[in-house]
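Trainee: The following block contains a protein sequence and its predicted model.
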Amino acid sequence: MNEPVSTWVGELDMAVGGNARPVIRPLAPTDRMARIWVRRDGAPQGFFEVPVIEGVIDSTTLAKELSEFLSTAGEDRIDCEDPIGPQSGTARRPGDGDRAVPVSIIVATKGRPDLAEQSLLSLQQLAYPSFEVVLVDGSPDGRTKEAFEGVVGSDTKFRYIGEPRPGLSLARNVGVSHATHEVVAFTDDDCRVDPHWLRFLVRPFEVDPGVACVTGMVPSGDLRTPAQQYFDRRVWWSSQLHPRVFSEVPESGDSPLYPFRVGIYGTGANFAMRRMAVAELGWFSELLGAGSPCCGGGEDQDMFVRVIRSGRRLAYEPSAVVWHEGRVTDDELKAQLQEYGRGILINGLKWLCDADMRPDVVRRLPRAVVYYVRLVAGKGMSGSGRGGSMVAAELGGVPLGLWSFVKGYRQWLNEESGFDRRPAFGRARRGGGRHQSRRPLGAEGAGHRPSGEAVQ
């Protein structure tokens, strides 16, 4: 089997014309293929690939492949002027005269000033009239703060929050509690947002009051290495072009695991929520996420499942694009996939400990084990021969989740938090209220401010 070759990623917007533009990096002499994302007024239509010869994409070949793509895409190509459908009423193209919903963007970072700087630079390019950025930094050395000040200068739309306590969920909770707008959006420090990201991300909130969460597409912005290409094949959210609205009622063809089939809703690198819904659902679980007591677990997937089980709706909007670079080396990717495997079990154990979720989880448990093993094995069989080692890494992380959860849960029970009430299980009634677990679940209202150094 041939080894994957270095692939450059560019985009071509049919509404603008011109040549393909780089997404993250310029074309390099080592590139042998180019993936061209085709968009129409910002909405992705799909992609095609063309060869790169001596660092150049032949214009005639590009035009031919584009023409073939447009002629064969057919029903798979999305018309950005068509609505999603009667269930959501979500228009594919926000009108130029639409009222701009103010958005608070929250980025959590720790010890990665170079990535934070690139993220801030991309956020400065947003073509959206009303937003603020809250950077929550867990680094103690001041390098990220210095990078922040160097990038944003005196721009009052950007605020820096120094937060010494560990945990991605805690950082997101801190960011939400410092936000001033009703819609809060999230992205990661290793991602770069598309200039039209917010334009599309807020649209489902405008047209459907029942939507509490919107997720977007996270395509790969660089495919230099086999590890990046494997991960691109591995995840659903990197290429799914079709919008959908998820609710408590599964659609025909949905997995028997629904709504606990993590990964189908999107990812924490690209989503937004109504700020009040975050509070009503019990905030992000501080048991989960990088740096948490459990040292892993998908706090984003946990929140998505809680959104749906509360009777609210979650909309997936592929036109809201955030570009991701991905892990460069095999060792980095194996470590990431091991964390994914560990997170699967941590999430499952967290849901089993929740009295409200336990009956539904137990009923689906046998099918979940079979489904997950088959899914991971199937992903490993596709593409390059390295799939087997990646599958082993992910499956090997699953048993680690048991010890991580037991240790983390005990730590959570015994430690104090800067929040008045520390989020853990985050249960929600349909009307927006919360049950109380043995420990209260969230901060007191959306105006609560945890400790942290705020710099504007």
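Mentor: On my side now, so go ahead.

Trainee: make it CA atoms for all contacts and neighbour counts henceforth
Mentor: Will do.

Trainee: Low-confidence ranges, the chain, go.
Mentor: Residue ranges of the chain with pLDDT under 70: 1-3, 73-98, 372-373, 375-387, 415-456.

Trainee: So which residues of it form helices?
Mentor: With helices called from DSSP state H, the chain shows them at 59-73, 113-124, 143-152, 168-178, 197-201, 203-207, 226-234, 275-280, 299-309, 330-352, 358-381, 387-414.

Trainee: Present the ones you listed as CSV; the columns should include mean neighbour count and distance to Tyr316.
Mentor: Converted to CSV, those look like this (neighbours: other Cα atoms under 10 Å; distance: least, Cα to Cα, whole Å):
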stretch, mean neighbour count, distance to Tyr316
helix 59-73, 13, 21
helix 113-124, 19, 21
helix 143-152, 18, 31
helix 168-178, 26, 21
helix 197-201, 24, 9
helix 203-207, 20, 9
helix 226-234, 21, 19
helix 275-280, 22, 17
helix 299-309, 22, 11
helix 330-352, 21, 21
helix 358-381, 15, 22
helix 387-414, 18, 26
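
Trainee: and Phe69, what does it touch?
Mentor: Going by Cα atoms under 8 Å, 6 or more residues apart in numbering, Phe69 touches 47-48.

Trainee: residues touching Val362, list them.
Mentor: Taking Cα under 8 Å, 6+ apart as the test, what Val362 contacts is Leu352.

Trainee: From Ala355, how far out is it?
Mentor: As judged by Cα to Cα, to the nearest Å, Val362 and Ala355 stand 11 Å apart.

Trainee: repeat for Arg172
Mentor: Going from Arg172 to Ala355 by Cα to Cα gives 25 Å.

Trainee: With Arg274 instead?
Mentor: 26 Å.

Trainee: Looking only at neighbour counts, state which of these two leads.
Mentor: Each of Arg274 and Ala355 has its neighbours counted (other Cα atoms under 10 Å); Arg274 has more, 19 against 12.

Trainee: From what I see, the more buried one and His181 are in contact.
Mentor: No: contact criterion Cα atoms under 8 Å: Arg274 and His181 do not qualify, at 9.1 Å.

Trainee: Not counting its neighbours along the chain, what's nearest Val50?
Mentor: Spatial nearest neighbour of Val50, excluding adjacent residues (Cα to Cα, 6 or more residues apart in numbering): Ala34 at 5.3 Å.

Trainee: Against Glu49, how distant is the one you found?
Mentor: Distance, Ala34 to Glu49, by Cα to Cα: 5 Å.

Trainee: the more surrounded of those two?
Mentor: When neighbours are counted by other Cα under 10 Å, Ala34 comes out ahead of the other of Ala34 and Glu49, with 22 against 17.

Trainee: my guess is Ser122 contacts His196, does it?
Mentor: No: the criterion here is Cα under 8 Å, and Ser122 misses it with His196 at 11.1 Å.

Trainee: what about the nearest residue to His196 once chain neighbours are set aside, how many neighbours?
Mentor: Distance criterion Cα to Cα, 6+ apart; nearest residue to His196, sequence neighbours excluded, is Ala127 at 5.8 Å. Residues lying near Ala127 (other Cα under 10 Å) number 13.

Trainee: which phi and psi does Ala127 have?
Mentor: phi -90, psi 70 (degrees, to the nearest 10).

Trainee: give the contact list for it.
Mentor: Per Cα under 8 Å, 6+ apart, neighbours of Ala127: 195-196, 199.

Trainee: Format these as JSON lines; extra columns: distance to Gly253.
Mentor: Converted to JSON lines, the contacts of Ala127 look like this (distance: Cα to Cα, whole Å):
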{"residue": "Pro195", "distance to Gly253": "35"}
{"residue": "His196", "distance to Gly253": "32"}
{"residue": "Arg199", "distance to Gly253": "31"}
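
Trainee: From those, pick the one nearest Ser255.
Mentor: Arg199 (31.4 Å; Cα to Cα).

Trainee: Quick check: Phe284 touching Ser169?
Mentor: Yes: contact criterion Cα under 8 Å: Phe284 and Ser169 qualify, at 5.4 Å.

Trainee: what residues do these two have in common as contacts?
Mentor: Glu299.

Trainee: can you pull the contacts of the residue lying closest to Pro399 once chain neighbours are set aside?
Mentor: Closest residue to Pro399 apart from its sequence neighbours, by Cα to Cα, 6+ apart: Arg342 at 6.9 Å. Arg342 makes contact with 296-297, 394, 397-401 under the criterion Cα under 8 Å, 6+ apart.

Trainee: from those, which is closest to Ala63?
Mentor: Taking the contacts of Arg342 together and measuring to Ala63 by Cα to Cα, the closest member is Glu394, at 40.7 Å.

Trainee: Nearest residue to the closest one in space, please, no chain neighbours.
Mentor: Nearest one to Glu394, counting by Cα to Cα, 6+ apart, is Gln338 at 4.3 Å.

Trainee: what separates that neighbour from Ile264, distance-wise?
Mentor: Separation of Gln338 from Ile264 (Cα to Cα) stands at 19 Å.

Trainee: what do you get for Pro44?
Mentor: 18 Å.

Trainee: So between those two, which is more surrounded?
Mentor: The neighbour count for Pro44 versus Ile264, taken as other Cα under 10 Å, is higher for Pro44 (26 against 17).

Trainee: so who does the closest residue to Pro102 other than its chain neighbours touch?
Mentor: Of all residues not flanking Pro102 in the chain, Ser130 sits nearest, at 4.9 Å (Cα to Cα, 6+ apart). Counting by Cα under 8 Å, 6+ apart, Ser130 touches 100-103.

Trainee: By residue count, what's the longest strand in the chain?
Mentor: Assignment by DSSP state E gives strand 313-324 as the longest strand of the chain.

Trainee: Could you give me the buried positions within that strand?
Mentor: Buried residues in strand 313-324, counted by 16 or more other Cα atoms under 10 Å: 313-324.

Trainee: and the end-to-end length of stretch 121-139?
Mentor: End-to-end span of stretch 121-139 (Cα to Cα): 19 Å.

Trainee: distance between it and the chain's centre?
Mentor: 16 Å (Cα atoms, centre = their mean, to the nearest Å).
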